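1. next one to model:
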Amino acid sequence: MLKEFKEFAMKGNLVDLAVGFILGGAFGTIVKSLVDDILMPPLGLLMGGVDFAEMKYVLQPATVSGGEDVAEVAINYGIFINNLIAFMIVAFAMFLIVKAMNNMQRKKEEAPEAVPEPSTEEKLLTEIRDLLAKQA
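-> The predicted structure follows:
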């Protein structure tokens with residue numbers, strides 16, 4: 001059973017999938033930083049100094065009641081906007097990658113196979129065949 005598992009785990013497709021998954025996670029981290037640290041601050045500044053991450057609709061404010069802290073209940077739609085923009089960037093990047101892969105695959109399929117030049121013997125046999133066909 002251990003041998004079968006090792007064969008399964010070392011198949012090319014599974015290893016490729018694992019590498020893609022790890023790179024996808026790293027790519028997601030980079031895109032999140034791009035959105036949160038590069039894109040959203042100037043966008044917030046253009047909208048009057050709004051920090052999207054702080055945008056929320058408070059349903060119940062935090063309170064201290066009888067020595068007990070009651071946490072704030074809020075809908076954090078600003079964080080949702082950040083995540084939505086990050087998703088759009090990742091989706092667009094994946095679209096470009098898939099489009100490039102499809103174009104490369106299409107070019108590979110469309111490329112005609114090189115027909116080898118017939119040998120001298122084949123040329124002579126073709127000429128003989130043609131001459132015999134004319135005589136018949």
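
2. quick one: the strands in this structure?
-> Using DSSP state E, the strands found in the chain span residues 57-60, 63-65, 68-70, 73-75.

3. name the stretch among those that sits most buried.
-> Of all the strands of the chain, strand 73-75 has the most neighbours on average by mean count of other Cβ atoms under 10 Å, namely a mean of 12. Where you see a C-beta, it was placed from the backbone N, CA and C, and this is true even at glycine.

4. now do it: which elements does it pack against?
-> When contacts are defined as 3 or more Cβ pairs under 8 Å, 6 or more residues apart in numbering; DSSP states H and E, strand 73-75 packs onto strand 57-60.

5. which among the strands of the chain is found nearest to Lys6?
-> Nearest to Lys6, of all those, is strand 73-75, at 48.7 Å by Cβ to Cβ.

6. just give me how far that closest one sits from the chain centre.
-> The gap between where strand 73-75 is centred and where its chain is centred comes out at 33 Å by Cα atoms, centre = their mean, to the nearest Å.

7. what lies in contact with it?
-> Lys56, Tyr57, Val58, Leu59, Gln60 (Cβ atoms under 8 Å, 6 or more residues apart in numbering).

8. still on that earlier bit, the strands of the chain into CSV, with extra columns for mean pLDDT and distance to Glu127?
-> Formatted as CSV, the entries for these read as follows, by pLDDT from 0 to 100; distance: least, Cβ to Cβ, whole Å:
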stretch, mean pLDDT, distance to Glu127
strand 57-60, 92, 88
strand 63-65, 84, 101
strand 68-70, 86, 99
strand 73-75, 93, 85
